[in-house]
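Student: coords please:
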Amino acid sequence: MMANLFSTFDPGTSLNLALNWLSTFLGILFIPLSYWLIPSRYLMAWNTLTATLHNEFKTLIGSKIKGSTLVFISLLTFLMFNNFLGLFPYIFTSTSHLAMTLAMALPMWMSFMIYGWFNNTLHMLAHLVPQGTPSALMPFMVLIETISNIIRPGTLAVRLAANMIAGHLLITLMGNTGSSISFIILMILLTAQILLLILESAVAIIQSYVFAILSTLYSSEVI
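Tutor: Numbers count the residues shown, from 1 in each chain. This next block holds a predicted model:
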């Protein structure tokens, strides 16, 4: 019996150590080995996915910084593995915690800002005032753009964590009522749980893609 609803997301264990965070590294086991003479279908599918994502990110970033798409491809696959693994029983969902999502969003955003303001200062200042803004509204637009720029890492982190925790909470709530209902309602509940699990699988992919795409867009603004 759970002490409270949010104990499902407790990173602690019976040993009073946060060993549950080690589930973050389980995604490494799914990376295919590339040491075979003839590649497997899994490796070919992996290479196809990587090439598709590379072309997708390259259209957003351009060719100004070579190899930068690999960073965002790694970020996407890392988040996708963690989101998917959190759907399995007894596996801790690290991406449902702000400690995890902020640890990825904040340093990335800070590196973009430091690079942009030190290397492209005029370009960064131009971003604060959209083209065609009347002179009377320029101070307000600078304030609005500055605030929207500051809250970007927070929105990245909260969006991912909130979407992950919402589906898990709903699955937990529905699962806890299964022992006290009739057989017919139980079948309806199981059907709803399966549909919700399919939806959560889609959310796991979409949220990792959104996180990587938004990070790519933020990096393209400082180049």
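Student: hey, which helix or strand in the chain has the poorest pLDDT?
Tutor: helix 121-127 (a mean of 83; mean pLDDT, DSSP states H and E).
Student: So what touches that helix?
Tutor: 116-117, 145, 221-222 (Cβ atoms under 8 Å, 6 or more residues apart in numbering). From N, CA and C alone the C-beta is placed, and that goes for glycine too.
Student: Which of those residues fall within helices?
Tutor: 116-117, 145 (DSSP state H).
Student: Give me the buried entries from those.
Tutor: Buried by 16 or more other Cβ atoms under 10 Å: G116, out of the ones in helices among the contacts of helix 121-127.
Student: now I171, nearest residue through space, not along the chain?
Tutor: Once flanking residues are discounted, I171 sits nearest to L196: 5.9 Å by Cβ to Cβ, 6 or more residues apart in numbering.
Student: those helices in this protein, which residues are they?
Tutor: Ranges of helices in the chain, per DSSP H, are 41-61, 68-85, 98-119, 121-127, 138-150, 152-176, 183-220.
Student: Nearest to G27, out of those helices?
Tutor: helix 68-85 (2.9 Å; Cβ to Cβ).
Student: Just the CA coordinates for the closest one, please, in CSV.
Tutor: C-alpha atoms of helix 68-85 as CSV (Å, rounded to 0.1, in the frame of the first residue of the first chain):
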residue,chain,number,x,y,z
SER,A,68,26.2,19.8,-33.6
THR,A,69,23.3,17.6,-34.8
LEU,A,70,24.9,14.6,-33.0
VAL,A,71,24.5,16.3,-29.7
PHE,A,72,20.7,16.7,-30.2
ILE,A,73,20.3,13.2,-31.6
SER,A,74,22.0,11.8,-28.5
LEU,A,75,19.7,14.0,-26.3
LEU,A,76,16.6,12.7,-28.1
THR,A,77,17.6,9.0,-27.9
PHE,A,78,18.6,9.4,-24.2
LEU,A,79,15.2,10.9,-23.3
MET,A,80,13.3,8.5,-25.5
PHE,A,81,14.9,5.5,-23.8
ASN,A,82,14.3,6.9,-20.3
ASN,A,83,10.6,7.7,-21.2
PHE,A,84,10.0,4.3,-22.6
LEU,A,85,11.7,2.4,-19.7
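Student: which residues touch N120?
Tutor: Counted by Cβ under 8 Å, 6+ apart, N120 has contacts 222-223.
Student: Let's see the pLDDT reported for it.
Tutor: Looking at N120, its pLDDT reads 84.
Student: Distance check, it against S220.
Tutor: Using Cβ to Cβ, to the nearest Å, N120 is found at 12 Å from S220.
Student: hang on, the earlier thing: wait, isn't the residue nearest to I171 in contact with L170?
Tutor: Yes: using Cβ atoms under 8 Å, L196 is in contact with L170, at 6.4 Å.
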